[in-house]
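# whatever this is, show me its structure:
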Amino acid sequence: MSGQPPGVAGESAGGTPVSGNELVRRRYEKLRALRAAGVDPFGTRFPVSHWAGPLHARWDTAPEDELRGAGPVSIAGRVMSIRHHGKSCFAHVLDQTGTIQLYARADVLGEGYAGFTDLDVADFIGVTGDLMRTRTGELTVQVKAWAFLSKSVRPLPEKWHGLKDVETRYRQRYVDLLVNPGVRDAFQARARIIQAIRAFLDARGFLEVETPVMQPLAGGALARPFATHHNALDIPLFLRIALELHLKRLVVGGFDRVYEIGRIFRNEGVSTQHNPEFTMLEFYQAYADYNDLIELTEAMFAEIGRVVTGGLALSYQGETIDLTPPWRRLGYLDAVAEAVGLPRHGIHDRDGLHAAARAAAGRENLDAGAWNWSVDTPTYQMWKDVFETFVEPTLVQPTFVVDFPTELSPLARQKREDPSLVDRFELFVARMEMANAYSELNDPVEQRRRFDEQLRARAAGDDEAHQLDDDYIRALEYGLPPTAGEGVGIDRLTMLFTDRASIRDVILFPLLRPESFGADEG
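Next comes the predicted model:
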């Protein structure tokens, strides 16, 4: 034995735990007995010829004479149930594609029958046999031979469903996947979503690329980064907070349509919609603007809907979402003004905006005292707070919020007809921000001016303000063609299409505090 089992205080010289969970102790006794009998409890490869899901798809409704002529199959998986009936035994095994029933008989297996009946739920076995159908009509493999592949020394929990402490499910995701089929379904849907995105963009001439995760400057978004250090080069580095700046460098280099699906890291809070490590799709299209990306986004979401749900209507947390294009467009500042009951021009009056926001908070039974803006609070930050508090919770159906203030978009191109705004949209669905896009700023002089503004904000204490990236400005000086770019959160997208209320439900291993390990939960 290479070590003692988790939650077990110790082992005897023979390998049996001397204390701890009784069920675990009994399984360790079985493990020792298998070794004493010359059986390797952690076996080697098994030649699998078939999987449960495809077997059901092909043979569940096949005629009996066709089924009898199917020939032998070899399957492998985890035992999920076992029922003894004297000289015969039924079991179900689980593989990645589903479960299938086994039927074992003493007169067929001979000496191997006793070992089969001594299996525990969660053991891995390999089986070779013929297909049959039971009297209840269930497709079944009649076992002709079997092999022990891996012993489970910790039983699956009996009361896993409906756990109040959901962190236990996230922390032990390997158990969650085993006992909750709906959890597996969500992550299989996530894989189909990513496959659909790749197929959609590849078909339109986009090139998939990879860019650095560790960067000397954390740029492309307004967020606090994770810091690290490279020992050999003796330089500070940051985990990327966006994919943007390197992808636009590639457009400068001649790749007119590029995209990346990659991990992003932001040193910020945790909530049902935020995880410090998440997956982002970003794509950039030369010779386009944000209006082109609005149409592209509508088409991409519709394609994902057809692949994942089979249509353009889906249910999210009890509400029906209609993905049928075209989607609503809502001006950012128009929405802010309407939310607090001011005319459009009135939101530039700081005192009037402050009073209107407090009044709106009172009408919504919110804490009016929370609006503690000081004389130093920028007007654009006041707009941002109003939008997040009053507007976002109303955006259920797909809505493009367009034309943001320049101060909130340091990398976006100004609108020709109104330089105080930029060509930008955020897509909201089911009250969640799903995408962010804009016509890219490609003027190196204006980009440097905006970086300088961000540096002043950093000096004033805003640690999420953008840093100066001289190399990116140098790239712009070589020339960036008119370009539109967009970022889509894969995790929230999966939440939407799988009807999950928490981002942790669609991330296999979400970030959690380290557990105090040792108490046996088996």
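
# direction included, what does the longest strand anywhere in the chain pair up with?
Among the segments of the chain that qualify as a strand by DSSP state E, the longest is strand 72-85. Strands flanking strand 72-85 in the sheet, each with its direction: strand 88-95 (antiparallel), strand 124-133 (antiparallel) (DSSP bridges).

# for those strands, give me a markdown table that also has mean pLDDT and mean neighbour count.
Placement of C-beta: from N, CA and C, glycine included. As requested, these are arranged in a markdown table below (pLDDT from 0 to 100; neighbours: other CB atoms under 10 Å):
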| stretch | mean pLDDT | mean neighbour count |
| --- | --- | --- |
| strand 88-95 | 97 | 20 |
| strand 124-133 | 97 | 20 |
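
# would you turn the ones you listed into TSV with distance to Pro225?
Converted to TSV, the strands paired with strand 72-85 look like this (distance: least, CB to CB, whole Å):
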stretch	distance to Pro225
strand 88-95	41
strand 124-133	42
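
# nearest to Glu319, of the ones you listed?
Each of the strands paired with strand 72-85 was scored for nearness to Glu319 using CB to CB, and the closest is strand 88-95 (33.6 Å).

# which stretches in the stretch 351-500 of the chain count as helices?
With DSSP state H, counting those that start in this stretch as the definition, the stretch 351-500 of the chain shows helices at residue ranges 379-386, 444-459, 470-478, 490-498.

# and those helices as CSV, adding mean pLDDT?
What follows is the helices of the stretch 351-500 of the chain, written out as CSV (pLDDT from 0 to 100):
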stretch, mean pLDDT
helix 379-386, 93
helix 444-459, 86
helix 470-478, 95
helix 490-498, 97
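
# for the helix ranked longest in the chain, packing partners?
Longest helix of the chain, by residue count under DSSP state H: helix 181-202. Counting contacts by 3 or more CB pairs under 8 Å, 6 or more residues apart in numbering; DSSP states H and E, helix 181-202 is packed against helix 173-179, strand 207-208, strand 257-265, helix 290-308, helix 490-498.

# just the buried residues of it, please?
Across helix 181-202, burial judged by 16 or more other CB atoms under 10 Å covers Val183, Arg184, Ala186, Phe187, Ala189, Arg190, Ile193, Ile194, Ala196, Ile197, Phe200, Leu201.

# before we move on, the earlier item: can you tell which of the helices of the stretch 351-500 of the chain is closest to Lys415?
Taking the helices of the stretch 351-500 of the chain one by one with CB to CB, helix 444-459 is closest: 13.0 Å.

# got the angle for that closest one vs helix 470-478?
Relative orientation of helix 444-459 with respect to helix 470-478: 160 degrees, computed using axes from the mean of the first three to the mean of the last three CA atoms, to 10 degrees.

# export helix 444-459 to PDB, keeping only CA atoms.
Below are the C-alpha coordinates for helix 444-459, written out as PDB (Å, rounded to 0.1, in the frame of the first residue of the first chain):
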ATOM      1  CA  PRO A 444      -2.300  55.200 -31.700                       C
ATOM      2  CA  VAL A 445      -2.400  58.900 -30.700                       C
ATOM      3  CA  GLU A 446      -5.900  58.600 -29.200                       C
ATOM      4  CA  GLN A 447      -5.000  55.200 -27.600                       C
ATOM      5  CA  ARG A 448      -2.000  56.800 -25.800                       C
ATOM      6  CA  ARG A 449      -4.200  59.600 -24.600                       C
ATOM      7  CA  ARG A 450      -6.700  57.100 -23.100                       C
ATOM      8  CA  PHE A 451      -3.900  55.100 -21.500                       C
ATOM      9  CA  ASP A 452      -2.700  58.300 -19.900                       C
ATOM     10  CA  GLU A 453      -6.200  58.900 -18.500                       C
ATOM     11  CA  GLN A 454      -6.200  55.400 -17.100                       C
ATOM     12  CA  LEU A 455      -2.800  56.000 -15.500                       C
ATOM     13  CA  ARG A 456      -4.200  59.100 -13.700                       C
ATOM     14  CA  ALA A 457      -7.000  56.900 -12.500                       C
ATOM     15  CA  ARG A 458      -4.500  54.400 -11.100                       C
ATOM     16  CA  ALA A 459      -2.600  57.100  -9.400                       C
END
